[in-house]
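K.L.:
based on what follows, work out the 3D shape:
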Amino acid sequence: MRWEMRTRLFLRTSEFLWQEGHTAHATREEAEARAQQMLKVYAKFAEEYMAVPVVQGVKSETERFAGALDTYTIEAMMQDGKALQSGTSHFLGQNFGKAFEVQFLNKENKPEYAWATSWGVSTRLMGALIMTHSDDNGLVLPPALAPIQVVIIPIGGKPEQMAAVDAAVAPVIDELKKMGISVKYDNADNKRPGFKFADYELKGVPVRLVLGARDLENGTVEVMRRDTLEKETRPFAGIAEYVRELLDDIQKNIFAKAKAFRDAHIYECDNYEEFKERVKDGGFFLCHWDGTAETEARIKEETQATIRCVPFGMEQTPGVDMVTGKPSKARVLIARSY
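P.N.:
Now for the predicted structure:
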């Protein structure tokens, strides 16, 4: 029997779903600006909605999209220290305009080839979300993207007690929905509360409220946040407003935790032998590179790591390539990837 390795779920599957865009422009400057703008759009979505910190940068010539003059990328770090290319934006120059005869009449009424861009993200973002935040209990979803942001679970009792809980919860559900918060009230009687707790933790629901007859008497409710698994007893009055603030805090905390992990695993490295040993354990390495495809290929062959990008927003100074000893203009980000 012959076994074939299946592609990684969400990262590169047999059915690959994309969000993709293409634009054509009259000038080089407009096209370059659009390609960089879209990179920032993707970075903002990754960080502010997915709570996944990313490094923005430009790909090396070897790694750029075929036919592009520049490929811009956002690179995220997963919990195993590997890099995941999470979105790309390409400045295509006039190459595709010439290849496909895409022309326009310029201000002088003369035909000119269009300056083009293309950009896209895919279902691998789902993989990024899962691998960045999840824990041994299952998914941890950022509230900004969670399909259910709050689940309310009543604790069983006599029928009249359950009816009283239903009545108490109804206005809270309405209040949460008016705030734009998605909420599920799971009062199904065919599953035990413990099963429901584990099930919604597995699904990554950010906030869980638990309410029983005794809570009604005491005017309290149990609140659990999925990101830290912390539980606390809160006053039932004003709980909707508290939940809204808690969701904001969870969103910020999930991002902060991922960023702290990422930042703690970014290293400057100037020694190739040291790099070859340390890269096995994952992490982003900022190393000087002489800019040649030969050195890039050697690093990939000997370490299974690749140049992910020349990062933006990091102070750069000239140096010496750690492999060849030749002059280097800047540090590049090198990591193993999927």
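K.L.:
how are the helices of the stretch 1-150 of the chain distributed by residue range?
P.N.:
Taking DSSP state H, counting those that start in this stretch to define them, one finds helices in the stretch 1-150 of the chain at 28-44, 95-99, 124-133.
K.L.:
list the buried ones in the shortest one?
P.N.:
Right, the one you point to is helix 95-99. If you call a residue buried by 16 or more other Cβ atoms under 10 Å, then helix 95-99 has these buried ones: 96, 97. Quick note: C-beta positions are derived from backbone N, CA and C, even for glycine.
K.L.:
now the longest one
P.N.:
Using 16+ other Cβ under 10 Å as the burial criterion, the residues of helix 28-44 that qualify are 31, 32, 34, 35, 36, 38, 39, 42, 43.
K.L.:
point to the residue nearest the middle of the protein.
P.N.:
Most central in the chain under Cα atoms, centre = their mean is residue 52, positioned 3.8 Å from the mean C-alpha point.
K.L.:
measure it to residue 148 for me?
P.N.:
Separation of residue 52 from residue 148 (Cβ to Cβ, to the nearest Å): 20 Å.
K.L.:
returning to that earlier point: now tabulate the helices of the stretch 1-150 of the chain in JSON lines and tack on mean pLDDT and distance to residue 188.
P.N.:
Shown next, in JSON lines, are those (pLDDT from 0 to 100; distance: least, Cβ to Cβ, whole Å):
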{"stretch": "helix 28-44", "mean pLDDT": "98", "distance to residue 188": "38"}
{"stretch": "helix 95-99", "mean pLDDT": "93", "distance to residue 188": "55"}
{"stretch": "helix 124-133", "mean pLDDT": "94", "distance to residue 188": "27"}
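K.L.:
out of those, which gets nearest to residue 76?
P.N.:
Closest to residue 76 of those is helix 124-133 (Cβ to Cβ; 5.3 Å).
K.L.:
just the CA atoms of the longest strand along the chain, as CSV, please.
P.N.:
Counting residues, the longest strand found in the chain (DSSP state E) is strand 83-93. The C-alpha trace of strand 83-93 is given here as CSV (Å, rounded to 0.1, in the frame of the first residue of the first chain):
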residue,chain,number,x,y,z
ALA,A,83,6.8,31.6,10.2
LEU,A,84,3.5,31.6,8.3
GLN,A,85,3.2,33.9,5.3
SER,A,86,-0.3,35.3,6.0
GLY,A,87,-0.9,37.7,3.1
THR,A,88,1.0,39.2,0.1
SER,A,89,0.7,42.2,-2.1
HIS,A,90,2.5,42.4,-5.4
PHE,A,91,3.7,45.4,-7.5
LEU,A,92,3.7,43.9,-11.0
GLY,A,93,5.1,46.9,-12.9
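K.L.:
how far off helix 28-44 does that strand point, in degrees?
P.N.:
On the basis of axes from the mean of the first three to the mean of the last three Cα atoms, to 10 degrees, strand 83-93 is oriented at 160 degrees to helix 28-44.
K.L.:
state the mean pLDDT of strand 83-93.
P.N.:
For strand 83-93, mean pLDDT rounds to 97.
K.L.:
so how far is it off the chain centroid?
P.N.:
Distance of strand 83-93 from the chain centroid (Cα atoms, centre = their mean, to the nearest Å) equals 14 Å.
K.L.:
thanks again, I'm all set now.
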